[in-house]
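S.K.: Model the structure of this input:
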Amino acid sequence: MSQQPAEESVHPPSAGVSAALAEPTQKVKTRWIMGVALVSVGVNTAIFATLNQLMPLQAVAIAGEGGKEGALSLAGTIGVLVAMVVNPLVGALSDRTTSRWGRRTPWILAGAVLATGFLLLTGGATNLAVLCLAWAGAQAGLNTIMAAITATVPDRAPVRQRGLVGGVVATGITMGILLGSAIGMLIGGVVWVGYLLAIAALLVFLIPYLLHRDDPVLPRSEVPPFQWGEFLAGFWVSPRKHPDFAWAWVGRLLMMTATQLTIVYLLFYLSDVLHHPQPASGVFMLTAVFAFGTLICAGVAGKLSDRTGRRPLVAASSALIAVAAILMACAPLFGSSNYLVALIAAGILGLGNGAYLGVDFALLTQVLPTASARCKDMGIINIAASLPQIFALGLAWVAVSYLGGYTVLFVGAGVIGLLGAASVYRIKSVR
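M.R.: Coordinates of the predicted model:
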């Protein structure tokens, strides 16, 4: 696809400030919102197809039934560590990018190329070392895209519209999870076909945003001279100076940990505990119900929060996530109806997840410390979304292997979700 210069922004800059750094005041167009959401669909399809469907099959083939959890946890943890570094690093570099294509678009394209190459390598991995290396590279590419696309929301969407935009983006995340699960169900265990489908989804869903991007050029005159000390110091955001940013970060960390703990071992949970005859299909159905619940709540909650405030809806969402986790813990007690209980829990988890993602995203964009470092600061926020993938994999493995199994795992998820809600109420600048 040939590149075109960034479209002229519809957002007039404030006096003396370029469009790239001005606080947005005009509403973004529907096609732009959908383009951002579709990028999210593509990235999350690739992530969840790989991590929840394809890599578990490879873990069994590489490490056997006895070592599958440890192999998957190791590969996943290494990938997340890479993501934690890439998100703020790419964000900081993107904030300084003066390309004629804009600040964010070049990084989206670079991330797509990197992710494609390493996903192909991941699909061909036949030993644990290659699997870990390849997935780390794929995570670098995918998180380069996410760092750039996430920053476009505070760049271009006004505060009064961010709940709506956050809700639509949340539906994009959910659709990606659903498509990733569908890939696992459709491939019949043929892993390389799954990777080709994941790559195709990633690339196709990038196109609408690239065709209708609103990515103003940053003038070179507004970029301060590069200094290593200042650049590295920028990755530390003082909780004392910016307490609302810190509490928002902690809240996202806890809430995403709770959600990840509930879903990370679903394939193993269905096969080993609920004894579902077709675990891959069972995961797809659970994910579909989860997605339906998220889709119902995300847009509605996000738009509602633009009018009523963010914090009460975040608290309500955490309560739903806690209830879902407890229900999942109790599902084995219901005998032949255990899968039905799991489906109900998935629906409740989806409602809570949708309400949380739509509202919290908008809340986060309102506590960023500076306009000139939006992408870097959103990258730091994204660490709070990446860390739970480590916590979830590690905590899930310990809970299942040493602390009493899946009941402990799900109860712990519920408690962590409630702690996340409590932290949001420490934020003072956003109601």
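
S.K.: Going by C-alpha atoms from here, please, whenever you check contacts or count neighbours.
M.R.: Will do.

S.K.: can you pull the contacts of the residue nearest to I427 when sequence neighbours are not counted?
M.R.: Nearest residue to I427, sequence neighbours excluded (Cα to Cα, 6 or more residues apart in numbering): D244, at 4.9 Å. By Cα atoms under 8 Å, 6 or more residues apart in numbering, D244 lies in contact with 367, 426-429.

S.K.: Could you work out the most separated pair of those residues?
M.R.: By the measure Cα to Cα, the contacts of D244 have their two most distant members at V367 and R426, which lie 12.5 Å apart.

S.K.: ok, now how distant is A148 from D377?
M.R.: Note on A148: its distance to D377, by Cα to Cα, to the nearest Å, is 11 Å.

S.K.: Show me the common contact partners of those two, please.
M.R.: G91.

S.K.: Off-centre distance for stretch 161-168?
M.R.: With Cα atoms, centre = their mean, to the nearest Å as the basis, stretch 161-168 stands 15 Å off its chain's centre.

S.K.: 33 is where my numbering starts, stick with that
M.R.: Happy to do that; since the first residue is 33 now, the last one works out to stretch 193-200.

S.K.: Contacts for that stretch, please.
M.R.: 59, 65-66, 69, 185, 189, 330-338, 386-387, 389-394, 397.

S.K.: Compute the number of surrounding residues for A454.
M.R.: 16 (other Cα atoms under 10 Å).

S.K.: so it touches S349, yeah?
M.R.: No. Between A454 and S349 there is no contact under Cα atoms under 8 Å: 11.8 Å.

S.K.: Could you list the low-pLDDT ranges of the stretch 83-232 of the chain?
M.R.: In the predicted model of the stretch 83-232 of the chain, no residue satisfies pLDDT under 70.

S.K.: hang on, M87 packs against S105?
M.R.: No. Counting by Cα under 8 Å, M87 stays clear of S105, with 10.2 Å between them.

S.K.: on that earlier part again, buried subset of the contacts of stretch 193-200 as a ChimeraX selection?
M.R.: Buried members of these can be picked out in ChimeraX with the line below, counting by 16 or more other Cα atoms under 10 Å:
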select :65,66,69,185,189,330,331,332,333,334,335,336,337,338,386,387,389,390,391,392,393,394,397
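
S.K.: What about the contacts of stretch 193-200, which are in helices?
M.R.: 65-66, 69, 185, 330-338, 386-387, 389-394, 397 (DSSP state H).

S.K.: The residue nearest the centre of the chain sits in which helix or strand?
M.R.: The residue lying closest to the centre of the chain (Cα atoms, centre = their mean) is A417, at 6.2 Å. A417 belongs to helix 406-434 when assigned by DSSP states H and E.

S.K.: Just the CA atoms of the following helix or strand past that helix, as CSV, please.
M.R.: Heading C-terminal from helix 406-434, the first helix or strand you meet, by DSSP H and E, is helix 438-456. The C-alpha coordinates for helix 438-456 follow below in CSV (Å, rounded to 0.1, in the frame of the first residue of the first chain):
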residue,chain,number,x,y,z
TYR,A,438,-8.4,-23.3,40.3
THR,A,439,-10.6,-22.4,43.3
VAL,A,440,-7.8,-20.5,44.9
LEU,A,441,-6.9,-18.9,41.5
PHE,A,442,-10.4,-17.5,40.9
VAL,A,443,-11.1,-16.4,44.5
GLY,A,444,-7.8,-14.5,44.4
ALA,A,445,-8.9,-12.9,41.1
GLY,A,446,-12.0,-11.6,42.8
VAL,A,447,-10.2,-10.0,45.7
ILE,A,448,-7.6,-8.3,43.4
GLY,A,449,-10.5,-6.8,41.4
LEU,A,450,-12.0,-5.3,44.4
LEU,A,451,-8.7,-3.7,45.4
GLY,A,452,-8.5,-2.2,42.0
ALA,A,453,-11.8,-0.4,42.5
ALA,A,454,-10.7,1.0,45.8
SER,A,455,-7.6,2.5,44.2
VAL,A,456,-9.7,4.4,41.6
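
S.K.: by contact count, what packs against helix 438-456?
M.R.: Where contact means 3 or more Cα pairs under 8 Å, 6 or more residues apart in numbering; DSSP states H and E, helix 438-456 is packed against helix 275-295, helix 343-362, helix 406-434.

S.K.: Which of those sits closest to L264?
M.R.: Closest among these, using Cα to Cα: helix 406-434, at 11.3 Å.

S.K.: now the closest one: mean pLDDT?
M.R.: Here helix 406-434 scores 81 as its mean pLDDT.

S.K.: about what we covered before: and the gap between the residue nearest to I459 and K408?
M.R.: When D276 is compared with K408 (using Cα to Cα), they lie 17 Å apart.

S.K.: And Y438, by the same measure?
M.R.: 37 Å.

S.K.: Of these two, which one has the most company?
M.R.: Set Y438 next to K408 and count neighbours by other Cα under 10 Å: K408 wins out with 27 against 23.

S.K.: And the next helix or strand past the top helix by length along the chain?
M.R.: Longest among the helix segments of the chain by residue count, using DSSP H, is helix 87-127. Where DSSP H and E defines the elements, the next helix or strand beyond helix 87-127 is helix 137-155.

S.K.: so how far is that following helix off the chain centroid?
M.R.: 17 Å.

S.K.: Then stretch 202-219?
M.R.: Centroid separation between stretch 202-219 and its chain, computed with Cα atoms, centre = their mean, is 13 Å.

S.K.: what comes up buried for it?
M.R.: In stretch 202-219, counting by 16+ other Cα under 10 Å, buried: 202-217.

S.K.: CA atoms only: put that stretch into PDB for me.
M.R.: Only the C-alpha atoms of stretch 202-219 are listed here, as PDB (Å, rounded to 0.1, in the frame of the first residue of the first chain):
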ATOM      1  CA  ALA A 202     -12.900  -1.600  24.100                       C
ATOM      2  CA  THR A 203     -15.200  -3.300  21.700                       C
ATOM      3  CA  GLY A 204     -12.300  -3.600  19.300                       C
ATOM      4  CA  ILE A 205     -10.200  -5.400  22.000                       C
ATOM      5  CA  THR A 206     -13.100  -7.800  22.700                       C
ATOM      6  CA  MET A 207     -13.600  -8.500  19.000                       C
ATOM      7  CA  GLY A 208      -9.900  -9.300  18.700                       C
ATOM      8  CA  ILE A 209     -10.200 -11.800  21.600                       C
ATOM      9  CA  LEU A 210     -13.300 -13.400  20.000                       C
ATOM     10  CA  LEU A 211     -11.600 -13.700  16.600                       C
ATOM     11  CA  GLY A 212      -8.500 -15.100  18.300                       C
ATOM     12  CA  SER A 213     -10.600 -17.800  19.900                       C
ATOM     13  CA  ALA A 214     -12.300 -18.500  16.600                       C
ATOM     14  CA  ILE A 215      -9.000 -19.100  15.000                       C
ATOM     15  CA  GLY A 216      -8.200 -21.700  17.600                       C
ATOM     16  CA  MET A 217     -11.500 -23.500  17.000                       C
ATOM     17  CA  LEU A 218     -11.300 -23.400  13.200                       C
ATOM     18  CA  ILE A 219      -7.700 -24.600  12.500                       C
END
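
S.K.: I am finished for the moment; much appreciated.
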